[in-house]
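**Student:** predicted model and sequence follow; I will ask about them next.
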Amino acid sequence: MSTTVFTLLLLLLVGSRANGKPLLFLPEHMLPPPGITFTWAYDLVMGAMRLPSKYTVQAILASDLTTIIGYRNLFESEYGITYKVAFTNGTYYQANIDLNTRECVNIRFLTANCAGWSNVEMERYDNKCQTHPVSFEIITHETLTAYSSTTDPKRPIIVMAQSPLDTPADHDREKPNHMIFWLDASIGNPKEYTHLKKAFGSNTDPRCETWTMLNDEDYHNILVEDDAVTVSFEGVQFLLQAFDNEKDCLKAFEANQDKHIFFITSGKLGEHTVPKVIEQYRNIFTDLINNKPYSSIYVYCHNIEFQLEWTMDYLDYIQVFNFDADLLQRMTRDIAEYFIERCKRLRQANDIEGALQRLYWAKRLWRQYDKMDQNISTDEPRPVKESQKMKEINKLIEEIESELPKSGSDEDAANSDDDCVQSSEPTG
């Protein structure tokens, strides 16, 4: 694991404090002393799914190398490795580990509210916990169970976690009708699009909170898929389809003319493909109400000057970038603004729930845009300063939530970023 990231996690003592007891990975009498590592079998049960794995716990020491201030935990399964840090003051952090670099990615700061470990049977202890990532309106409930050894009560022999797998507040029940097309022969190259790739995640079960950053094998698999796959883009579910040739790309445009598409392309392939796309599928990149073009074709190249000649004819539709971080920032903002506009139109059509759904998506994306605009990296714990645009989004959410029907307003108000809201509105 990266020493820099690990040191960073140890310094993060400013997180939110839990309302109940802090989340400790074992009953207090079973936690390992300084210098000792406990490793044992772990059984994670989510609904009908069982995920056997390995569980490791170590103590975290203060600068005096004696006082225990928390515990670190590695959870290793066939789906990857999750790293957790829980401090005795209630601060709790979680991250995924990149299997190639062994560094922490997708660091999340959570509040944990636990009932505390209680003795249920002779060697069995239970603890009911809620965990709530600060960045998202997701509350996960689970029951932790630890069994101690009959010969050594201070040593665990197995730990289990059971979750009912209820749909979390952050789950989008409505299948996304917005898509990202990505055309580039270099998508599978790990040295290309390093910033942009971090924005995409996948999930083995969309009802589960954890989304893992796509790796190079994932992008290869997407390239050979005939259909789009559901991914997370900066926290919002999208359909993603990738191509390394013009023929497959045009075929996908033909099949998805009812979708709203954000199109990323390399300069080399885009020079030949973009004119055909605009000529044949201009309707996808045109607002059908006011007839204005969407600038939602993003051309990535290493030298913008080489693209000037052909791009000049399509300036209403395309934007050109020579840094993928700049492309990511701009596309994140554009998608958020698109959802805000869709929200306003749905509100006018009296589809309040559909309007809120789009606005919640816009809020997530604008928060990521603000992070990039304030130069806050994914792994950095520095708080995001609320921008004027975010204030406007939050105000609009309050206004529209107040318009919800009485029958559903109580539950909806409890989920200020509730993406469970369904809409009959057909376009994304």
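**Tutor:** Cool, the structure landed.
**Student:** residue ranges in the chain under the pLDDT threshold?
**Tutor:** The chain contains residues with pLDDT under 70 at 1-19, 45-51, 78-79, 98-100, 105-106, 133-139, 164-176, 201-217, 378-382, 406-428.
**Student:** all the helices of it, residue numbers only.
**Tutor:** 3-11, 194-197, 216-224, 246-255, 267-281, 308-311, 324-348, 352-373, 388-401, 406-414 (DSSP state H).
**Student:** determine which stretch of the ones you listed is the most buried.
**Tutor:** Each of the helices of the chain was given a mean neighbour count from mean count of other C-beta atoms under 10 Å, and the largest, a mean of 23, is that of helix 352-373. From N, CA and C alone the C-beta is placed, and that goes for glycine too.
**Student:** elements contacting it?
**Tutor:** In terms of contacts (3 or more C-beta pairs under 8 Å, 6 or more residues apart in numbering; DSSP states H and E), helix 352-373 is packed against strand 236-243, helix 324-348, helix 388-401.
**Student:** next, the angle strand 236-243 makes with it.
**Tutor:** Between the direction of helix 352-373 and that of strand 236-243, the angle (axes from the mean of the first three to the mean of the last three C-alpha atoms, to 10 degrees) works out to 70 degrees.
**Student:** could you list the domains of this protein?
**Tutor:** Per automatic domain parsing, the domain ranges recorded for the chain read 3-163, 178-414.
**Student:** circling back: quick one: closest of the helices of the chain to Ser232.
**Tutor:** Closest to Ser232 of these is helix 352-373 (C-beta to C-beta; 9.8 Å).
**Student:** restricting to C-alpha, output that closest one in PDB.
**Tutor:** Provided in PDB are the C-alpha atoms of helix 352-373 (Å, rounded to 0.1, in the frame of the first residue of the first chain):
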ATOM      1  CA  ILE A 352     -42.200  16.500 -10.000                       C
ATOM      2  CA  GLU A 353     -40.700  13.100  -9.200                       C
ATOM      3  CA  GLY A 354     -38.900  13.000 -12.600                       C
ATOM      4  CA  ALA A 355     -37.700  16.600 -12.000                       C
ATOM      5  CA  LEU A 356     -36.200  15.700  -8.600                       C
ATOM      6  CA  GLN A 357     -34.500  12.600 -10.000                       C
ATOM      7  CA  ARG A 358     -32.600  14.700 -12.600                       C
ATOM      8  CA  LEU A 359     -31.800  17.400 -10.000                       C
ATOM      9  CA  TYR A 360     -30.300  14.800  -7.600                       C
ATOM     10  CA  TRP A 361     -28.100  13.600 -10.400                       C
ATOM     11  CA  ALA A 362     -27.100  17.200 -11.200                       C
ATOM     12  CA  LYS A 363     -26.200  17.700  -7.500                       C
ATOM     13  CA  ARG A 364     -23.800  14.800  -7.400                       C
ATOM     14  CA  LEU A 365     -22.100  15.800 -10.600                       C
ATOM     15  CA  TRP A 366     -21.800  19.500  -9.700                       C
ATOM     16  CA  ARG A 367     -20.200  18.500  -6.400                       C
ATOM     17  CA  GLN A 368     -17.600  16.500  -8.400                       C
ATOM     18  CA  TYR A 369     -17.200  19.500 -10.700                       C
ATOM     19  CA  ASP A 370     -16.600  21.800  -7.700                       C
ATOM     20  CA  LYS A 371     -14.000  19.400  -6.400                       C
ATOM     21  CA  MET A 372     -12.100  19.600  -9.700                       C
ATOM     22  CA  ASP A 373     -12.500  23.300  -9.900                       C
END
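**Student:** contact partners for Phe253?
**Tutor:** Counting by C-beta atoms under 8 Å, 6 or more residues apart in numbering, Phe253 makes contact with 181, 261, 277, 280-281, 284.
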